[in-house]
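Undergrad: next one to model:
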Amino acid sequence: MNGVQVQNWKGAIRYRAARLEKVTSSDEIVKIVSDTANYPSPVRVKGSHHSTTNCIVNEGGTVIDITPMNRILRIDCETRTITMQAGVLHIDAAKVLAQLGLQFYVNVEIGNLTVGSGACGGTKDASYISEGNMEFGQVASYCIAMKLVQADGTILEVTEDDSELMQMARSSYGLLGVIFEVTYRVKEMKPMAVEHVRYSLDEFTEQLPALVAQERSMMLYLFPFLDRVVVEYRYEGQARQSVTAWQWRLRNWVWKTGSPGLARLVGMLIPSKDWRHKVLNWHNRLSIWVMRNILRGRHTRPVDQIIHYPEQAGFASYTFSIWAVPLDDYANAIRAYFDFCQRYFDEHGYRCDLLNVGYFIAEDKQSTFSYTRSGPAMTLDPVSTGAAGWNEFLVAYNQFCSDLGGTPLFNQTRGITREQAQKAFAEEIPPFNETRQRHDPDGRFYTEYFRQLFE
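TA: Alright, predicted model coming up:
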């Protein structure tokens, strides 16, 4: 077959592009975008390809590999901004900032995120409270400027001076043009405290308003088959000369390697679903004990929370999905989700072989397709090695969350339908489409994935 095969990081999504071109400058991008005869449409950008949905698929089109454009151009310590080429990895920039006593507002855990992708797509992490202020939970919310190559080959700079276009660009997923330079707002780095508290499902749902009122960042670990919730609280810690990192090294090793590797082995070596179920529950109980009794610290570095994954997923790797549910509905939603998981296992013999997680995210109107645009929310995020049964589970999970009035992410909620997308973003899709058509009237960047969701 002609063309070149491309796949996402996990290897679960594959497609064949007509052309795959690495670029080192904006001039090269202009040349590709302008040359419709030799570089067929659609034109899409490839970073680390960690997305879990078909938003990356560009069958028969042109894929621009932006990763060689990986230079940090300038850091302004006075205005607290960082300007970078779009292919810079989030974790690499975070480490450079840390040397200057600065940090990103959102320490998204997938350190392989390219900053260009983070500037125009959805990300997930818990909102952090700093100096008494609730921060946003998405990386794009702190992108304050970007440069992109438009469909006609011209350069467009988008800034906060045009707030409406900036909101569109922050969730444009490359549909307005090829982003090659971004500027983020950053902040002073301060120690971060972390601790884990276990709750029964009843305790968590009854205390949820009080837990949110504590004004601490909340990441949830959900255990539907144990009726337990563990909350990872993060907040500003104690200032001291030395900081600790072992807590995050242990936690990140478990996330990146330990748990996915064990789950893969369990799936391979234990054919009985009932025995697999017992082993996974044992592992979950051990995880709860470790989080409660070991993973705590009062003075850790935020940058150490970020995980640097291998360039390609190996034996020990995982995938996930995400829907956000309005905060006011979350107590009922999490109860329903636990019942859903238990019922699905009883009926189909499938359960997620890794943890379910969740995040508290503040209201965020900084981007058009923000999943908390209508108010604060919390998420229900299944995590899996991607073993047999995962994709079928997601079909039922997507409909369950849509029925709850949830909101997905186009790049991290696999398998959503047009009806689900239109229900979640009924007010946002029409004006975005108008803007997209104005900047790209011939659909140079418009892929079949978005066409099916938007039209």
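Undergrad: report the separation between residue 306 and residue 181.
TA: 22 Å (Cβ to Cβ, to the nearest Å). C-beta here means a position set from N, CA and C on the backbone, and glycine is covered the same way.
Undergrad: quick one: least confident helix or strand in the chain?
TA: Scoring the helices and strands of the chain by mean pLDDT, DSSP states H and E places strand 129-130 at the bottom, with a mean of 87.
Undergrad: which helices and strands sit right next to that one?
TA: In terms of contacts (3 or more Cβ pairs under 8 Å, 6 or more residues apart in numbering; DSSP states H and E), strand 129-130 is packed against strand 228-236.
Undergrad: which helices and strands sit right next to the strand it packs on?
TA: Packed next to strand 228-236, using 3+ Cβ pairs under 8 Å, 6+ apart, are strand 129-130, strand 192-200, helix 201-213, strand 217-223, helix 273-293.
Undergrad: geometrically speaking, which residue is the centre of the protein?
TA: Nearest residue to the geometric centre of the chain (Cα atoms, centre = their mean): residue 123, 3.1 Å.
Undergrad: contact partners for that one?
TA: Counting by Cβ atoms under 8 Å, 6 or more residues apart in numbering, residue 123 makes contact with 106, 108, 110, 113, 137-140.
Undergrad: quick one: secondary structure of residue 69?
TA: Secondary structure state of residue 69, per DSSP: H, G, I helix; E, B strand; the rest coil, is coil.
Undergrad: tally up the residues packed near it, please.
TA: By the criterion of other Cβ atoms under 10 Å, residue 69 has 23 neighbours.
Undergrad: my read: it touches residue 25, true?
TA: Yes: with contact defined as Cβ atoms under 8 Å, residue 69 reaches residue 25; the gap is 7.3 Å.
Undergrad: I'd say residue 363 and residue 375 touch.
TA: Yes: counting by Cβ under 8 Å, residue 363 does reach residue 375; the two are 5.1 Å apart.
Undergrad: more neighbours: those two, which one.
TA: Ranked by neighbour count (other Cβ under 10 Å), residue 363 and residue 375 place residue 363 first, with 16 against 12.
Undergrad: please report the distance of that one from residue 236.
TA: 21 Å.
Undergrad: tell me the spacing between the residue lying closest to residue 72 once chain neighbours are set aside and residue 44.
TA: Nearest residue to residue 72, sequence neighbours excluded (Cβ to Cβ, 6 or more residues apart in numbering): residue 84, at 5.0 Å. For residue 84, the distance to residue 44 equals 20 Å [Cβ to Cβ].
Undergrad: do the same with residue 354
TA: For residue 354 relative to residue 44 (Cβ to Cβ), the value is 29 Å.
Undergrad: cool, residue 171 as well?
TA: Distance from residue 171 to residue 44, by Cβ to Cβ: 16 Å.
Undergrad: how about the helices in this structure?
TA: For the chain, the helices defined by DSSP state H occupy 26-34, 90-99, 115-120, 163-170, 201-213, 246-253, 259-269, 273-293, 330-348, 390-403, 418-424, 429-439, 448-454.
Undergrad: okay, these, which one's buried deepest?
TA: helix 115-120 (a mean of 28; mean count of other Cβ atoms under 10 Å).
Undergrad: what average pLDDT does it get?
TA: Helix 115-120 shows a mean pLDDT of 97.
Undergrad: and for stretch 367-386?
TA: 97.
Undergrad: so residue 57 sits right up against residue 449, yeah?
TA: Yes: between residue 57 and residue 449 there is a contact under Cβ under 8 Å: 5.9 Å.
Undergrad: quick one, which of the helices and strands packed on strand 228-236 gets closest to residue 405.
TA: helix 201-213 (17.3 Å; Cβ to Cβ).
Undergrad: dump stretch 208-220 to CSV, keeping only the CA atoms.
TA: What follows is stretch 208-220 as a C-alpha-only set of coordinates in CSV (Å, rounded to 0.1, in the frame of the first residue of the first chain):
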residue,chain,number,x,y,z
LEU,A,208,-18.3,15.8,49.3
PRO,A,209,-19.4,19.4,49.8
ALA,A,210,-17.2,19.7,52.9
LEU,A,211,-14.3,18.1,51.1
VAL,A,212,-14.5,20.6,48.2
ALA,A,213,-14.8,23.4,50.7
GLN,A,214,-11.4,22.5,52.1
GLU,A,215,-9.9,24.2,49.0
ARG,A,216,-7.3,21.5,48.3
SER,A,217,-6.6,19.9,44.9
MET,A,218,-8.5,16.6,44.7
MET,A,219,-7.6,13.6,42.6
LEU,A,220,-9.7,10.6,43.2
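Undergrad: who touches that stretch?
TA: Contacts for stretch 208-220 (Cβ under 8 Å, 6+ apart): 125-129, 132, 134, 204, 229-235, 327, 330-331, 357-360, 378.
Undergrad: do that again at 7 Å, thanks
TA: The contact list for stretch 208-220 (Cβ atoms under 7 Å, 6 or more residues apart in numbering) reads 126-129, 229, 231-235, 330-331, 357-360.
Undergrad: just give me the closest of these to residue 5.
TA: Of the contacts of stretch 208-220, the one sitting nearest to residue 5 (Cβ to Cβ) turns out to be residue 357, at 31.5 Å.
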